[in-house]
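**Student:** A predicted structure for the sequence below; I have some questions about it.
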Amino acid sequence: MKILLVTGRIAEKEVKRIAEKFGCDIYVADVDVASFLTPSHLKDLDLSRYDLVIVPGLAKGDWKKLEKEKGVKIRLGPVHFSDLPFVLKNIDKIELSHEVPACRLLNDFRVREILDTIDTSGDCKFKIGGVEVGGRAKIIAEIVDATELSDDELVERVEYYLESGADIIDLGIPIEFDSKDVRRAVKVARDHCDALSVDTFNRKAIEIAIEQGVDLIMSVSYENYDCVEVIKDVAVVAVERNLEKLRKLVEELSKKTEKIIADPLLDPPPKVFESLIRYYEFRRRNPGIPMLMGVGNVTELVDADSVGINALLACIAEEIGVELLFTTEASNKTKGCVKELRTAVYMSRASKLMNRPPKDFGFDLLMLKEKRAVSGLSPSKNVVEAEESKEFVRDPKGDFRIWIWNGRIVCEHESVTIVGRSAKEILDTVVRLDLVSRLDHAGYLGRELMKAEIALKLGKNYVQDEPLNFGRLINKVGRD
């Protein structure tokens, strides 16, 4: 296949090196920045000897029309030239697009292949409601103190967890509860999910939940063993740290139901490794009994970002052969744990099926760090060292107050309040309404709005004029 790579002057050197490696030709258009390239730059070019012309991924224009005029395939390449080698290596695997950059197309293609493989792998041991136990680990997401929520709040929480990737919704019942609230909560949640569990040691709450059609009971131990009398044909989680006692508890519960899940209990540090050994040993002795691991026990009780914890525990659980992972988002620092755990489950399952480390699958849990740096270009002539100005002149058109509220950015001016989800849409609105007159004020506003957007995406607090908090580390200079 004869391929022509089109680029701008700034990236010419790097794209030429890639073109030589893959036996492609290169055309440098009369434009500095490759993303500014349009069909007009190729209008007078003879492309008849090429099978495919690849233009920069962010190049704008009607490439389909130009392709028809030239009689040659003209398609979008990757956003960054550093991704060109990956695209060229896989050029025969997918039809490139006139509208979607090649790197995104190939990534989506790879992800779909992996997800399809994962979702169809593994044997089903039994079902909890409409959810199969087997294959990839299923996620149980707990709504803490569910009976204290209104119907609307409960439905909103159920839908949020399901959209985040939960397979089973768990209703946490507080120690003190009203039977009517348990009945109401189960009934409301039952209408909005395929698999429902309750988390309580109270026999009365368990009895009510079973009457209302719950699918799973969390948790049964020797401390509340009397509740076994009310259990009928629902899945049950047996909880016990002592492995021999856990085996016997499973045997007793199997007289009431065939759907038994063992939970040797995951403890937070400083005993997390000891508890993981219990899981490993129970699996070795009882290969056919499904297990549950409460990863939320660790994410809630360690002051570290939950992303890495969820990733590592999901990989460990997959290696051991744990079928169910239990988590919650009971604190601000664990917000987003269900979504993180969903991705972690797919990463760990793909790792096992493909027998390679969980990397380069097209999806990841890299939130603040990246695998590779996008190559930058060295500064050219007329380089000026940046210097901060100490001068402040108030904008005669007024000031702004910025904060985050209800998942959105609020930008308040004395004449109007603008609400949005991105810095750009708010700043565009500010400009359209002519609310700023000074360039330094516009620059300040852009900086603060971008900080607010980053905070919103990361689930962090935002305070105007204060730097974003990315953790407090101890170093060898200042141990405070």
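**Tutor:** It's in. Numbers count the residues shown, from 1 in each chain.
**Student:** Tell me which residues of the helix or strand bottoming out on mean pLDDT in the chain come out buried.
**Tutor:** Least confident helix or strand of the chain, by mean pLDDT, DSSP states H and E, is helix 102-119 with a mean of 84. Across helix 102-119, burial judged by 16 or more other Cβ atoms under 10 Å covers 102-103, 105-107, 110, 114-115, 118. Backbone N, C-alpha and C define where each C-beta goes, glycine included.
**Student:** and which of those is nearest Glu14?
**Tutor:** For Glu14, the nearest member of the buried residues of helix 102-119 is Cys103. The distance, counting by Cβ to Cβ, is 15.6 Å.
**Student:** Which pLDDT value goes with the residue lying closest to Val228 once chain neighbours are set aside?
**Tutor:** Distance criterion Cβ to Cβ, 6 or more residues apart in numbering; nearest residue to Val228, sequence neighbours excluded, is Lys256 at 5.9 Å. Listed pLDDT for Lys256 reads 86.
**Student:** switch to numbering from 31
**Tutor:** New numbering, starting at 31: the last item is Lys286.
**Student:** can I assume Lys286 sits in a helix?
**Tutor:** No. Secondary structure of Lys286 (DSSP: H, G, I helix; E, B strand; the rest coil): coil, not part of a helix.
**Student:** Give the full set of residues in contact with it.
**Tutor:** By Cβ atoms under 8 Å, 6 or more residues apart in numbering, the residues touching Lys286 are 258, 261-262, 266.
**Student:** repeat that for 10 Å
**Tutor:** Shown in contact with Lys286 (Cβ atoms under 10 Å, 6 or more residues apart in numbering): 250, 258-264, 266.
**Student:** re earlier: include distance to Leu355 when you put the buried residues of helix 132-149 into JSON lines, please.
**Tutor:** Listed next are the buried residues of helix 132-149 as JSON lines, based on distance: Cβ to Cβ, whole Å:
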{"residue": "Ala132", "distance to Leu355": "35"}
{"residue": "Cys133", "distance to Leu355": "31"}
{"residue": "Leu135", "distance to Leu355": "32"}
{"residue": "Leu136", "distance to Leu355": "30"}
{"residue": "Asn137", "distance to Leu355": "26"}
{"residue": "Arg140", "distance to Leu355": "25"}
{"residue": "Ile144", "distance to Leu355": "19"}
{"residue": "Leu145", "distance to Leu355": "18"}
{"residue": "Ile148", "distance to Leu355": "15"}
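**Student:** Which elements pack onto the helix ranked longest in the chain?
**Tutor:** Longest helix in the chain by number of residues (criterion: DSSP state H): helix 469-488. With contacts taken as 3 or more Cβ pairs under 10 Å, 6 or more residues apart in numbering; DSSP states H and E, helix 469-488 sits against strand 430-435, strand 438-443, strand 447-450, helix 453-462.
**Student:** Mind putting these into JSON lines with distance to Ile350, mean pLDDT and mean neighbour count?
**Tutor:** As requested, the helices and strands packed on helix 469-488 are exported to JSON lines (distance: least, Cβ to Cβ, whole Å; pLDDT from 0 to 100; neighbours: other Cβ atoms under 10 Å):
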{"stretch": "strand 430-435", "distance to Ile350": "40", "mean pLDDT": "96", "mean neighbour count": "16"}
{"stretch": "strand 438-443", "distance to Ile350": "41", "mean pLDDT": "96", "mean neighbour count": "18"}
{"stretch": "strand 447-450", "distance to Ile350": "45", "mean pLDDT": "97", "mean neighbour count": "16"}
{"stretch": "helix 453-462", "distance to Ile350": "44", "mean pLDDT": "96", "mean neighbour count": "16"}
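**Student:** Could you point out which of these sits nearest Arg402?
**Tutor:** Once the helices and strands packed on helix 469-488 are compared by Cβ to Cβ, helix 453-462 is nearest, at 25.5 Å.
**Student:** Tell me how far the closest one lies from the chain's centre.
**Tutor:** Between the centre of helix 453-462 and the centre of its chain there are 27 Å (Cα atoms, centre = their mean, to the nearest Å).
**Student:** Perfect, that will be all.
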